[in-house]
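Chemist: Provided below are the primary sequence and the corresponding predicted coordinates.
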Amino acid sequence: MTFHCANPDCAVPLRLLRDGRLYQFEVRPQVPAESVTSAKSRSLSHFWLCGECSSKLTLVFDQMKAVVVKPNMAA
């Protein structure tokens with residue numbers, strides 16, 4: 001679980017989930033498909049953006065870079 005805003009430029013601590021947006025990403029190891037034999041080879045990771053950051057930013061998962069903060073297209 002996360003304990004602060006996922007925006008590296010923000011240090012707001014996580015106190016209430018309703019004061020922002022929680023993201024969940026399924027993380028899979030980068031191994032050949034034939035060597036992956038069970039669901040244990042993947043895991044869920046959670047990230048949180050505070051209310052101010054989530055109004056203008058979003059999180060996306062990039063297999064090469066992991067979690068990336070991007071501008072919210074709806075803002």
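Modeler: All right, it came through fine.

Chemist: Correct me if wrong: Ser43 contacts Val27.
Modeler: Yes: using Cβ atoms under 8 Å, Ser43 is in contact with Val27, at 5.4 Å. From N, CA and C alone the C-beta is placed, and that goes for glycine too.

Chemist: in the protein, which segments are predicted with low confidence?
Modeler: For the chain, residues meeting the criterion pLDDT under 70 lie at 1, 28-41, 74-75.

Chemist: can you pull out the strands in it?
Modeler: 20-27, 43-50, 57-62, 66-71 (DSSP state E).

Chemist: on contacts alone, who are the packing partners of the first one?
Modeler: With contacts taken as 3 or more Cβ pairs under 8 Å, 6 or more residues apart in numbering; DSSP states H and E, strand 20-27 sits against strand 43-50, helix 51-54, strand 57-62.

Chemist: change it to 6 Å
Modeler: Applying 3 or more Cβ pairs under 6 Å, 6 or more residues apart in numbering; DSSP states H and E, we find strand 20-27 packed against strand 43-50, helix 51-54.

Chemist: Which residues does it contact?
Modeler: 42-51, 54, 59, 61 (Cβ atoms under 6 Å, 6 or more residues apart in numbering).

Chemist: Serialize the helices and strands packed on strand 20-27 to TSV and add fields for distance to Lys70 and mean neighbour count.
Modeler: Output for these, formatted as TSV (distance: least, Cβ to Cβ, whole Å; neighbours: other Cβ atoms under 10 Å):
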stretch	distance to Lys70	mean neighbour count
strand 43-50	11	16
helix 51-54	11	17
